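In: Structure of the sequence below:
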Amino acid sequence: MVFGRKKPEESAVHDGFVKRLRARLNSGDSWLSYDLANLAPGRKIDAELLDELEADLVMADVGMEATAEIIESLRKHIARKELKDSNALRCALRRSIEDMLRPVERPLVITRESRPFVILMVGVNGAGKTTTIGKIARRIQDQGLSVMLAAGDTFRAAAIEQLQVWGERNNVEVIAQQSGADPAAVIFDAYQAARARGIDVLLADTAGRLQSQQGLMDELAKIKRVLSRQDPAAPQEIMLVLDASLGQNALLQAMKFHAALGVTGITVTKLDGSAKGGILLAVAKKLAIPVRYIGIGESAADMQEFRASEYSDALLGPSNQVNA
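Out: Numbers count the residues shown, from 1 in each chain. From the prediction side, this is the model:
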């Protein structure tokens, strides 16, 4: 099943999230609203202005590849004399952003062919992985599905305790062992328990030491092998949690995890921090991995499904303000 049509109260929560996202990304000297407001008015839209915009995009963590594609698209518009003012530039930029992001706008799909549907959560310490697990568990429960949590981060006692707090908050069972236990064994036990009890979804936490440590990648690969022996389709989702405030380091993390595990989905957290929003474009261009969720805070309502049009709204203002 795909997370379905929203109830009226869910739509209100989502609309509030979009407003908060827009406010966070457009606060202070936000990279697009501020730069376009101060770069374009009264100026001819030409190659010199695009050079300045190109530098701004790179500085905003959009990345070289994504920036080059966006600027090339704008240059073609200039060549066709289609960018006559700042509003036309904004509209063209919006289209370029949406075109880049729309292919990764793919919601998480939970199927019932085999239970449990396993979501293996990966990412470095501090990205918000355990908190994201709690939020996703709540969303899954709201769809009428049963959930179990696996405390696979056995290297930090605090991680086990934090997951248990989320389990109590959501009335969800947490399978855990003592600190220092073999993570693969913990997740194996959780899988067996979930299957025996007919649980729909198993959310498995994992350790999050620095991605440069080969031991972590080997450990995660072992967990993946253990799960696949129980069900060739498991884990059905390998979800990477990225801290947006890390900028290009977040892209490097995504590349490392994807090369080692084959990431199938991404959740981007902390867009309310020091991030300028551009990292989503860099990840979309470089890896084309579906972005499942984005987050701007600690509460469950502060994480929502990713939508390209809403994200461009947050960066540039609502579409009805930028139509040519």
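In: counting contacts, what elements does the host helix or strand of I97 pack onto?
Out: Counting by DSSP states H and E, the element that carries I97 is helix 86-101. With contacts taken as 3 or more CB pairs under 8 Å, 6 or more residues apart in numbering; DSSP states H and E, helix 86-101 sits against helix 33-39, helix 64-79, helix 279-287, helix 308-316. Using the backbone N, CA and C atoms, a C-beta is placed for each residue, glycine as well.
In: In CSV, list these along with mean neighbour count, mean pLDDT and distance to T264.
Out: CSV is the format used below for those (neighbours: other CB atoms under 10 Å; pLDDT from 0 to 100; distance: least, CB to CB, whole Å):
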stretch, mean neighbour count, mean pLDDT, distance to T264
helix 33-39, 16, 59, 33
helix 64-79, 17, 92, 21
helix 279-287, 24, 94, 11
helix 308-316, 22, 84, 19
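In: Could you check the pLDDT of G42?
Out: G42 carries a pLDDT value of 65.
In: quick one, what contacts K222?
Out: Neighbour list for K222: A184 [criterion: CB atoms under 8 Å, 6 or more residues apart in numbering].
In: buried sites along the helix or strand where it lies?
Out: Here K222 is covered by helix 214-230, with elements defined by DSSP H and E. Using 16 or more other CB atoms under 10 Å as the test for burial, helix 214-230 gives L216, M217, E219, L220, I223, K224, V226, L227, Q230.
In: Same check on stretch 199-210?
Out: Within stretch 199-210, the residues that count as buried by 16+ other CB under 10 Å are I199, D200, V201, L202, L203, A204, D205, T206, A207, G208, R209.
In: ok, back up a step: name the next helix or strand downstream of the helix holding I97, please.
Out: For helix 86-101, the following helix or strand on the C-terminal side (DSSP H and E) is strand 117-122.
In: Low-confidence stretches in this protein?
Out: Along the chain, segments meeting pLDDT under 70 span 1-15, 24-43, 210-213, 273-276, 317-324.
In: ok, for the most centrally placed residue in it, nearest residue in space, not its chain neighbours?
Out: With distances taken as CA atoms, centre = their mean, T267 lies nearest the centre of the chain, 2.3 Å away. Taking CB to CB, 6 or more residues apart in numbering, and ignoring the residues beside it in sequence, T267 has Y293 as its nearest neighbour in space, at 4.3 Å.
In: The one you found should be in a strand, yeah?
Out: Yes. Counting by DSSP: H, G, I helix; E, B strand; the rest coil, one finds Y293 located in a strand.
In: beta partners for it?
Out: Under DSSP bridges, the beta-bridge partners of Y293 are T267, E305.
In: Distance check, it against R80.
Out: Distance, Y293 to R80, by CB to CB, to the nearest Å: 38 Å.
In: Which helix or strand contains A204?
Out: Assigned by DSSP H and E, A204 belongs to strand 201-206.
In: elements contacting that strand?
Out: strand 117-122, helix 129-142, strand 147-152, helix 183-196, helix 214-230.
In: How about the contacts made by E113?
Out: A233.
In: Swap in 7 Å and give it another go.
Out: With CB atoms under 7 Å, 6 or more residues apart in numbering as the criterion, no residue contacts E113.
In: go on, V122?
Out: Contact analysis of V122 by CB under 7 Å, 6+ apart lists T206, L220, I238, L240, F257, L261.
In: Between the residues you listed, which sits nearest I140?
Out: Closest approach to I140 among those (CB to CB): I238, at 16.6 Å.
In: Is that closest one in a helix, a strand, or coil?
Out: From three-state DSSP, the assignment for I238 is strand.
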